[in-house]
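Visitor: Okay, structure incoming, though there's no sequence with it:
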């Protein structure tokens with residue numbers, strides 16, 4: 001039965017080996033220290049498998065404890081163009097070697113704050129995220145081990161679109177993910193990007209979308225892509241068919257005060273951006289009358305001056 005604690009300072013474990021006064025971990029360390037490396041000519045203490053730390057690490061890394069590691073002296077300046085610093089490792093100076101070790105490229109440009117300027121992928125102008133890559137290429141590197149690897153979905157656009165179809169009440173409802181507005185999106189192998197499913201369906205089963213037009217849902221169901229429920233219309237017509245403020249005001253037959261929008265009582269004009277506007281003539285005359293009664297505004301006195309009363 002073990003008595004007392006380990007005699008090593010700071011160790012409170014029970015002394016398993018009473019004669020030595022050591023706990024089990026320290027006893028094993030003492031035994032290894034008493035043994036000498038089995039490699040001829042090496043007097044270092046054993047770390048594992050009968051070898052010292054140096055030969056054990058060589059075996060673990062190269063498969064042979066006697067592997068000779070030849071190191072060529074680093075001579076001359078850094079191999080990066082324009083850098084005159086002395087080379088320290090792999091033909092680079094310490095600065096460029098650390099950049100290669102961290103980002104995989106010794107010639108990248110860093111900002112004053114030590115951040116990478118843009119993405120390392122050629123042609124990518126996105127903002128740097130991590131390890132020298134933007135968010136998109138960094139995620140690919142982390143997931144697939146290659147920032148340029150693109151996992152393209154298998155099958156044609158038509159096959160994958162029909163695989164996510166649910167027929168209900170005469171609609172072709174998209175069962176995939178929807179955005180915050182209720183529209184479905186799917187990766188297109190033809191466009192190499194995500195596209196709205198109703199646009200894909202129109203182009204697959206109806207034809208190309210005419211220039212200057214967009215696709216409108218006749219059924220008013222946003223995740224429906226039934227070709228007969230889709231129509232190519234102008235942006236204005238698409239807005240007027242919707243339920244937005246412009247469409248609601250355009251469908252009004254009278255103003256807020258109850259005056260009808262007849263040809264005689266409607267004043268129309270075109271705004272600076274080419275948008276058409278209308279207003280009630282009765283209400284316009286009433287506002288003009290109230291403005292004349294109120295007079296003009298005097299910024300010095302901060303009061304309205306009645307017409308005809310002088311200064």
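Guide: Structure's in. What do you need? Just so we're clear, the structure is a prediction, and the values are computed from it rather than from any experiment.

Visitor: Please count neighbours and contacts with C-alpha atoms only from this point.
Guide: Fine.

Visitor: Going along the chain, name the helices of this structure.
Guide: For the chain, applying DSSP state H gives helices covering 24-34, 53-62, 94-103, 135-144, 157-163, 197-205, 235-241, 245-250, 281-294.

Visitor: so how far is the first one from its chain's centroid?
Guide: Remark: helix 24-34 is offset 53 Å from the chain centroid, using C-alpha atoms, centre = their mean, to the nearest Å.

Visitor: Likewise for the fourth one?
Guide: A distance of 10 Å separates the C-alpha centroid of helix 135-144 from that of its chain, computed with C-alpha atoms, centre = their mean.

Visitor: Then stretch 241-254?
Guide: The answer for stretch 241-254 is 37 Å, by C-alpha atoms, centre = their mean.

Visitor: what comes up buried for it?
Guide: 241, 247, 254 (16 or more other C-alpha atoms under 10 Å).

Visitor: residues near residue 167, how many?
Guide: 11 (other C-alpha atoms under 10 Å).

Visitor: now do the one 4 residues further on
Guide: Here the neighbour count serves as a burial measure; for residue 171 (other C-alpha under 10 Å) it reads 18.

Visitor: Could you check how far it is from residue 220?
Guide: For residue 171, the distance to residue 220 (C-alpha to C-alpha, to the nearest Å) stands at 11 Å.

Visitor: what do you get for residue 233?
Guide: Computed as C-alpha to C-alpha, the residue 233 to residue 220 distance reads 14 Å.

Visitor: what sits against the residue nearest to residue 51 when sequence neighbours are not counted?
Guide: Excluding its sequence neighbours, the residue lying closest to residue 51 (C-alpha to C-alpha, 6 or more residues apart in numbering) is residue 37, at 4.6 Å. Taking C-alpha atoms under 8 Å, 6 or more residues apart in numbering, we find residue 37 in contact with 43-46, 50-52.

Visitor: Now restrict the residues you listed to buried residues only.
Guide: Buried by 16+ other C-alpha under 10 Å: 44-46, 50-52, out of these.
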